[in-house]
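S.K.: here is my input; please provide its structure:
(one chain, ligands or ions: 1)
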Amino acid sequence: MKPRILLTNDDGITSAGLWAAYEALSPVADVTIAAPSTQQSAVGRSISIFEPIRASPVVMNGVRAYSIGGKPTDSVIIGLYALDIRPDLVVSGINIGENLSFESIMTSGTVGAALEASNQGTKGIAFSLQVEDQGDKFDDPRHHSQSFDDAKRIVREVCMTVLLEGFPKHADVINVNIPSIVKGGYEVTRLARKLFETGVEKRLDPRGRPYYWINGPLLEDAEEGTDVHAIRKGNISITPITLDCTAFAADKELQSLFST
Ligand code: MN
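M.R.: Purely as a prediction, here's the structure:
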């Protein structure tokens, strides 16, 4: 029997990246798409609890899928609890744009969906493809100029390896980043601290009041062993992620501060 995969993303159900993942996985797995109806990049793991969530059956590219009127995390929750998909694995992506470092883990909707899945008891893998131009992340995701050929091979290899061999016991999520041009092989990495040099651009509205854009250039590199450095080298970065954010090393210091 084929393994069952719930496929979602954050760029929305029309994204070429999502459909590349579908093409990669559908020959080897029973894939059901439940993905956000609209662009949901950078919503992280947020959930819709003040609005109803619609799960509209659609046919796209000749495939039956669910277009979810919500966030990536909503799509996972609806997929797991309302649509009776019962997946062996949740796959999120392929995101158009790399999701590297502490920053991306907390802000990426692609990673957010995988974190949610794992917290709900089904392990998740997030796939992201580096863009040559950061502006590409803001273009219509139906059309992406880069080839998904390498990314499709990697999605299939990683998912089938994990499905056949078992998900690493101490990881909740695997975060896979694919360089725009693959030069090397797989590299198991840790998260770098930052991906962007965060900045703010101030502008004036037509009435002379200020408004702001969060913006900033990419950091060129990070230490050896990090996800950022692996991608700079052209390797495929594989980072094991854990849901438990407890800082165990801070236990004693915090106890000494607050014990009575
Ligand atoms: Mn995205």
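S.K.: let me see the contact set for the residue of the stretch 51-200 of the chain found nearest the ion.
M.R.: Nearest residue of the stretch 51-200 of the chain to the ion (C-beta to the ion) works out as N95 at 4.5 Å. To be clear about C-beta, it is placed using only N, CA and C from the backbone, and glycine gets the same treatment. Each residue near N95 by C-beta atoms under 8 Å, 6 or more residues apart in numbering is listed here: 9-11, 17, 41, 108, 110, 126-129.
S.K.: name the nearest residue to S104, ignoring sequence neighbours.
M.R.: Spatial nearest neighbour of S104, excluding adjacent residues (C-beta to C-beta, 6 or more residues apart in numbering): L195 at 6.0 Å.
S.K.: surely the one you found is in contact with L219?
M.R.: Yes: contact criterion C-beta atoms under 8 Å: L195 and L219 qualify, at 6.2 Å.
S.K.: more crowded one of these two?
M.R.: Ranked by neighbour count (other C-beta atoms under 10 Å), L195 and L219 place L195 first, with 22 against 18.
S.K.: sorry, back to before: which ones among the contacts of N95 are found in helices?
M.R.: The helices, defined by DSSP state H, take in 17, 110 from those.
S.K.: and the two most separated of the contacts of N95?
M.R.: When C-beta to C-beta is used, the two most widely separated members of the contacts of N95 are S41 and F127, lying 14.2 Å apart.
S.K.: which one of the two has more residues nearby?
M.R.: Ranked by neighbour count (other C-beta under 10 Å), S41 and F127 place F127 first, with 28 against 23.
S.K.: thinking that one is in contact with L89, fair?
M.R.: No: here F127 lies out of contact with L89, judged by C-beta under 8 Å, at a distance of 12.0 Å.
S.K.: good, wrapping up.
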